[in-house]
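Asker: predicted model and sequence below, questions to follow.
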Amino acid sequence: MEKIRFGLIGSGWRAEFFIRIAKAIPEQFELTHVLIRDREKGEAFSKKFGVSVVNSVDELMESHPDYVVLSIKRGVVSDYLVELFKKGIPVLCETPPAETVESLEELWDQAKKYDAKIQVAEQYFVQPLYAAWLKIIQDGALGEIGNINLSALHGYHGISIIRKVLNIGFENCTIYGKRFTFDVTDTYGREGMIFDGEISSCRRDRLTFEFDNGKVAFFDFSDPAQYHSFIRTRQLTVQGVRGEIDDLTVRYLTSENIPVTQELNRIDLGKYNNQQWSHLGIMLGEQFLYKSPFTNARLNDDEIAVATCMLLMGEYLATGKEFYSLKEALQDTYISLMMEEALRHPNQEIRSSTQKWALE
């Protein structure tokens with residue numbers, strides 16, 4: 001595949017990922033311009049990150065990027081998307097596409113109206129560990145999956161993994177649960193480690209999703225501790241008819257019904273006197289479940305996943321093969337909105353309903 005040239009709209013924490021990726025893998029990605037409408041803010045951003053900044057969509061498109069990455073605040077993403085749709089600009093949307101059911105429906109109508117070329121950069125299912133877990137499931141080692149307990153991801157990210165693990169299409173579900181609040185000592189944040197012993201209040205959401213096909217998801221997330229804490233773990237358990245995944249431990253039956261227990265083995269370069277630094281892959285026994293597409297790049301897992309979405313966007317434009325469609329993104333966001341509704345009504349059952357994008 002030829003080098004992917006992309007424009008970027010946004011200047012927040014997540015937008016910086018795309019800049020780092022372009023600089024880390026210049027043979028695969030080229031950032032043409034960054035769009036920041038505020039001229040003064042754009043000049044400061046350009047100086048800080050060493051990138052070309054423009055102030056309008058028309059300026060952004062003068063260099064003819066293959067596609068535009070949209071990485072802006074959730075509340076204004078829909079308006080930007082429609083503007084890009086109208087101009088016929090292919091877009092990789094980093095954030096959830098909208099924040100109300102009505103705006104999800106309107107976005108679907110607009111995407112159809114303008115025959116939009118859009119994919120969504122929902123990156124977790126292509127993170128190394130999640131990709132390895134999904135490979136085990138898709139290979140059938142666990143048999144038919146019946147339930148998942150996920151305590152690692154919030155909102156639509158969690159819903160995306162739940163639907164992929166359980167192989168849920170657009171089935172409806174009943175949701176119920178409750179939000180709790182607990183104190184936790186801060187240990188690190190986006191800026192690095194913290195040692196002052198400050199205590200923060202942390203929400204913990206626990207919900208059950210009962211899908212109409214009989215499959216069940218147990219959702220448990222502490223916000224923000226599970227993303228930024230050394231003393232709050234992340235957990236995943238998936239149970240199938242013939243085995244289970246329990247974090248890094250995999251238990252399954254052979255064709256002769258002999259029980260086997262194995263551990264996932266992560267292979268990284270740059271440890272124990274190895275002079276390189278990069279992620280190679282994840283193995284189960286002799287088999288690679290996952291290999292990084294960027295074996296020599298100095299990227300963390302989330303950057304690997306975002307870069308993978310960028311590659312897949314290029315493939316989508318070349319072949320039409322979708323990797324995370326607007327339809328999937330709308331469904332995951334919709335179910336996450338229903339989850340929030342359930343949290344506003346503790347322990348009451350909330351029912352999802354079939355939305356227009358699921359019918360087409």
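Answerer: Structure's in. What do you need? Note that the structure is predicted; figures quoted are calculated from it, not measured.

Asker: tally of neighbours for Glu40?
Answerer: The tally of other residues near Glu40 (other CB atoms under 10 Å) stands at 8. (Glycine included, C-beta is placed from N, CA and C.)

Asker: could you do Pro90 as well?
Answerer: Around Pro90 there are 18 other residues, counting by other CB under 10 Å.

Asker: one more: Ala358?
Answerer: Neighbours of Ala358 (other CB under 10 Å): 15.

Asker: ok, now Pro346?
Answerer: As a measure of burial, Pro346 has 11 neighbours, counting by other CB under 10 Å.

Asker: residues contacting the closest residue to it other than its chain neighbours?
Answerer: In space, and not counting its chain neighbours, Pro346 is closest to Lys178: 4.3 Å by CB to CB, 6 or more residues apart in numbering. With contacts defined as CB atoms under 8 Å, 6 or more residues apart in numbering, Lys178 is in contact with 205-207, 343, 346-347.

Asker: which of the helices or strands spans the nearest residue to Thr249 once chain neighbours are set aside?
Answerer: Distance criterion CB to CB, 6+ apart; nearest residue to Thr249, sequence neighbours excluded, is Glu263 at 5.8 Å. Element membership for Glu263 (DSSP states H and E) is strand 259-269.

Asker: partners of the helix or strand following that strand in the sheet?
Answerer: Sequence-wise, the next helix or strand downstream of strand 259-269 (DSSP H and E) is strand 278-284. Here strand 278-284 is paired, per DSSP bridges, with strand 259-269 (antiparallel), strand 287-291 (antiparallel).

Asker: nearest to Phe230, of those strands?
Answerer: strand 259-269 (18.4 Å; CB to CB).

Asker: what's the closest one in contact with?
Answerer: Applying CB under 8 Å, 6+ apart, the contact partners of strand 259-269 are 128-129, 132, 248-254, 276-285, 289.

Asker: which of these are buried?
Answerer: Among those, the ones that count as buried by 16 or more other CB atoms under 10 Å are 128-129, 132, 248, 250-252, 278-284, 289.

Asker: and which of those residues is nearest Glu144?
Answerer: Tyr252 (12.8 Å).

Asker: looks to me like the residue nearest to Pro346 is in a strand.
Answerer: Yes. Using DSSP: H, G, I helix; E, B strand; the rest coil, the assignment for Lys178 is a strand.

Asker: state the distance from it to Asn172.
Answerer: 21 Å (CB to CB, to the nearest Å).

Asker: over to Glu43?
Answerer: Glu43 is 50 Å from Asn172, where distance means CB to CB.

Asker: circling back to that earlier point, ok, what's across the strand from the residue nearest to Pro346?
Answerer: Arg206.

Asker: lowest average confidence, helix or strand, in the chain?
Answerer: Lowest by mean pLDDT, DSSP states H and E among the helices and strands of the chain is strand 188-189, with a mean of 83.

Asker: direction included, what does it pair against?
Answerer: Assessed with DSSP bridges, strand 188-189 is paired to strand 192-193 (antiparallel).

Asker: which residue ranges of this protein form helices?
Answerer: Secondary structure of the chain (DSSP state H): helices located at 15-24, 39-49, 57-61, 77-86, 101-113, 128-138, 155-166, 301-319, 326-344.

Asker: let's have the ones you listed in TSV, adding mean pLDDT.
Answerer: Output for these, formatted as TSV (pLDDT from 0 to 100):
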stretch	mean pLDDT
helix 15-24	96
helix 39-49	95
helix 57-61	95
helix 77-86	91
helix 101-113	95
helix 128-138	98
helix 155-166	97
helix 301-319	97
helix 326-344	97
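
Asker: so which of the ones you listed gets nearest Ser201?
Answerer: helix 326-344 (16.0 Å).

Asker: and that closest one, what does it pack onto?
Answerer: Counting contacts by 3 or more CB pairs under 8 Å, 6 or more residues apart in numbering; DSSP states H and E, helix 326-344 is packed against helix 101-113, strand 118-120, helix 155-166, strand 173-185, strand 199-211, strand 350-351.

Asker: and the residue of the chain most remote from its centre, what does it touch?
Answerer: The C-alpha centroid of the chain is most remote from Glu256, which lies 37.3 Å away (CA atoms, centre = their mean). Neighbour list for Glu256: empty [criterion: CB under 8 Å, 6+ apart].

Asker: next, Gly88: phi, psi?
Answerer: Per-residue torsions, Gly88: phi 70, psi 30 (degrees, to the nearest 10).

Asker: who has more neighbours, Glu43 and Asn172?
Answerer: More crowded of Glu43 and Asn172, by other CB under 10 Å: Asn172, with 17 against 12.

Asker: grab the nearest non-local neighbour of the more buried one.
Answerer: Ser352 (4.6 Å).

Asker: for the one you found, what are its contacts?
Answerer: Counting by CB under 8 Å, 6+ apart, Ser352 has contacts 172-175, 334-335, 338.

Asker: ok, 6 Å please
Answerer: 172-173, 338 (CB atoms under 6 Å, 6 or more residues apart in numbering).

Asker: I figured Lys117 hits Ile89, correct?
Answerer: No. Look at Lys117 against Ile89 with CB atoms under 6 Å: they stay out of range, at 8.0 Å.

Asker: what's the per-residue pLDDT of the residue nearest to Met61 when sequence neighbours are not counted here?
Answerer: Spatial nearest neighbour of Met61, excluding adjacent residues (CB to CB, 6+ apart): Ile89 at 6.6 Å. The score at Ile89 is 97. That number is its pLDDT.

Asker: what do you get for Asn296?
Answerer: For Asn296, the model assigns a pLDDT of 86.

Asker: and for it, the neighbour number?
Answerer: For Asn296, using other CB under 10 Å, the count is 13.

Asker: how much space separates Ala342 from Ile350?
Answerer: Distance from Ala342 to Ile350, by CB to CB: 4 Å.
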